[in-house]
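**Q** Sequence and predicted model, in that order:
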Amino acid sequence: MTLEVSVEHRLDAFTLDAEFAVEGGLTALFGRSGAGKTSVINVIAGLIRPDRGRVMLDGEALTDTATGRFVPAHRRRIGYVFQEGRLFPHLTVRQNLLYGRRFAGLPRRAADIDQVVGLLGIGDLLARRPATLSGGEKQRVAIGRALLARPRLLVMDEPLASLDEGRKAEILPYIERLRDETRIPIVYVSHSIPEVARLATNLVVLSSGRVAATGTPAEIMGRLDLFPLTGRVEAGAILNTRVTGVDARFGLSLLRAAAGELRVPRLDLPLGTALRVRIRARDVMIGLHPPEGLSALNVLPGTVAEIGQAEGPIVEIRLDCAGEALVARLTRRSVEALGLEPGRQVYAVIKSIAFDHHAFAGTTPAAGADADAVAG
Amino acid sequence: MNWLTDLSPDELTAIRLSLWVAMWAMAVSLPLGVATAMLLARGKFWGKSVLNVLVHLPLVLPPVVTGYVLLLLFGRKGPLGRFFADTIGLVFAFRWTGAALASAVMGFPLMVRAIRLSLDAVDRRLEEAAATLGASAVWVFVTVTLPLILPGIVAGMILSFARSLGEFGATITFVSNIPGETQTVPTAIYMATQVPGGDAAALRLTVIAVVISAVALFASEAVARRAARGAAT
């Protein structure tokens, strides 16, 4: 799948001027409220006819203002999961799920229906009406409804934004399975770093209607210049790791990344599971020598790659740890006291305790996953 | 109770005719009412406010005026009257069809208002969702909009039917008061009160009018409740 978007559109005082191209997997459109994320997917889905520009899906022009082509939304076969679910209140869950089947020319009984119902865990809800469902149940039904119309592309507009933390944790695994098992390309709108870090294979950062950056989550999260957009508090680098062992005596798991080995509070994951670990900049300390007599368990050697723009007393620095980026937030005073400058050999120190559920993708500790599993 | 059950053939005919006329008025108004409500609620076109005023005019005009306008337009010599007579052989003047037309016109604003209110309450985002699932505009209307405005449609039908049962001024002006053809319960009551010794007949018909109206309202309430339950849960 290739999706190419290049549009200009004015909406009142807001101007959207976005251009990007993505391939398969889950592409997160990331940005603050008002950055134009929803407008972009409305353009893709055909709910907005842009002033100028093109939307190409696998080489087919869905929108092209130059030739006047505009495929109406109902002929695009782009599934849309809305922030508020938008289930049809007059239909049962089953009828909602099957709504798109007729228009797609698909049978009302088929193996894929049972499969989607099973994937989303909504088998017990089929006879109910949407009004009787919880927020999380509604969103799962909405995802199922979009999937069962067998879309070429699925767009999701902050599907978790209206849910509390518990419900989010309930749905995230389903979206991961969707990404990994259905192979339907997904464009996922979000303003939440933990969500994006956990789910995205690709990231498009939007700011004031423009594309500020595109890349993998690890690339984007490691970029100091994007911190104002990605948010300083939650900012942090992503390491791709694999579960390599368990320290049963102390209840720790061992993770191996290119940058080195990490010990984190025990994860109930099989050995070999690939795991994306987000290490927030504020949880990283810097030493000039391998630390001794220190309680922190995780020490990753690296070199200073970049020192960011200071904001008040705070400055972020990016380390290169065997090819992986790690970001640390320090005071300007520390940077000066240690004489940090690009190329300098340093040691990044991370407390194991920093790997709590906040450091990761919004999973709850009870789920046993402080980090988020990525199949593969 | 003999005085109540001893209905004369003319009175029976008037009752049957009233129901017949009201049913037709309601049935013919329905598709037009839904279409007009859609136009007024969703349409963007020049002259929309003119259409709006036109639809609501019978609500505020004296019924006699509405009846007279109908006579001018749909009478034997009226342009529309001649058109319908020539093309499909439909004559309104001094026929029960004219009574139905008068009733329909008088009830139309009530029906349109009820349907339009429910249309305004429809969440357009649901229609958008239906489109992303592959439904064309017509299918969106049939499978989403129509079920959601069903309570409004039922309410509109009730109002139109009830208004028809009570129609007097426009009917008597347009198609007069011909027993067996255009004499409905209200006009029959009026006639009864105008002749000596008609008191008993007037009272009989009055009681019957009350009963019919009450039954119609109860029935429609029940239907509306069911429709509302179906749509809301």
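**A** That came in fine, so what should we check first?
**Q** In the beta-sheet assignment, what are the partners of whichever residue of the stretch 201-350 of chain A sits closest to chain B?
**A** Nearest residue of the stretch 201-350 of chain A to chain B, counting by CB to the nearest CB: A:V204, 20.8 Å away. C-beta here means a position set from N, CA and C on the backbone, and glycine is covered the same way. Beta-bridge partners for A:V204, by DSSP bridges, are A:L29, A:T214.
**Q** pLDDT value on it, please?
**A** A:V204 carries a pLDDT score of 93 in this model.
**Q** For chain B, list the residues in contact with chain A, please.
**A** Neighbours of chain A within chain B, by CB under 8 Å from any CB of the partner chain: B:123, B:125-126, B:128-136, B:139-140, B:143-144, B:147-148, B:230-233.
**Q** Return a PyMOL selection command for the buried portion of those residues.
**A** This is how PyMOL selects the buried members of these, with burial counted by 16 or more other CB atoms under 10 Å in any protein chain shown:
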select buried, chain B and resi 126+128+129+130+131+132+133+134+135+139+140+143+144+147+148+231
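**Q** looking at it, the residue of the stretch 201-350 of chain A closest to chain B is touching A:A35, isn't it?
**A** No: A:V204 is beyond contact range of A:A35, at 10.5 Å (criterion: CB atoms under 8 Å).
**Q** longest strand of chain A?
**A** Identified as the longest strand of chain A according to DSSP state E is strand A:236-247.
**Q** Buried by neighbour count: which residues of it qualify?
**A** Neighbour-count burial for strand A:236-247, counted by 16+ other CB under 10 Å, picks out A:G236, A:A237, A:I238, A:L239, A:N240, A:T241, A:V243, A:V246.
**Q** Take those and write them to JSON lines, including pLDDT and distance to chain B.
**A** Output for the buried residues of strand A:236-247, formatted as JSON lines (pLDDT from 0 to 100; distance: CB to the nearest CB, whole Å):
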{"residue": "A:G236", "pLDDT": "81", "distance to chain B": "35"}
{"residue": "A:A237", "pLDDT": "85", "distance to chain B": "36"}
{"residue": "A:I238", "pLDDT": "85", "distance to chain B": "32"}
{"residue": "A:L239", "pLDDT": "86", "distance to chain B": "37"}
{"residue": "A:N240", "pLDDT": "84", "distance to chain B": "34"}
{"residue": "A:T241", "pLDDT": "86", "distance to chain B": "38"}
{"residue": "A:V243", "pLDDT": "87", "distance to chain B": "39"}
{"residue": "A:V246", "pLDDT": "87", "distance to chain B": "46"}
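**Q** For chain B, which segments count as helices?
**A** Ranges of helices within chain B are B:2-5, B:9-42, B:48-60, B:63-74, B:79-88, B:96-120, B:124-132, B:137-140, B:146-166, B:169-175, B:185-194, B:199-232, based on DSSP state H.
**Q** Pipe those helices into a markdown table and attach distance to A:R10 per row.
**A** Output for these, formatted as a markdown table (distance: least, CB to CB, whole Å):
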| stretch | distance to A:R10 |
| --- | --- |
| helix B:2-5 | 73 |
| helix B:9-42 | 24 |
| helix B:48-60 | 26 |
| helix B:63-74 | 48 |
| helix B:79-88 | 48 |
| helix B:96-120 | 28 |
| helix B:124-132 | 21 |
| helix B:137-140 | 26 |
| helix B:146-166 | 32 |
| helix B:169-175 | 51 |
| helix B:185-194 | 59 |
| helix B:199-232 | 37 |
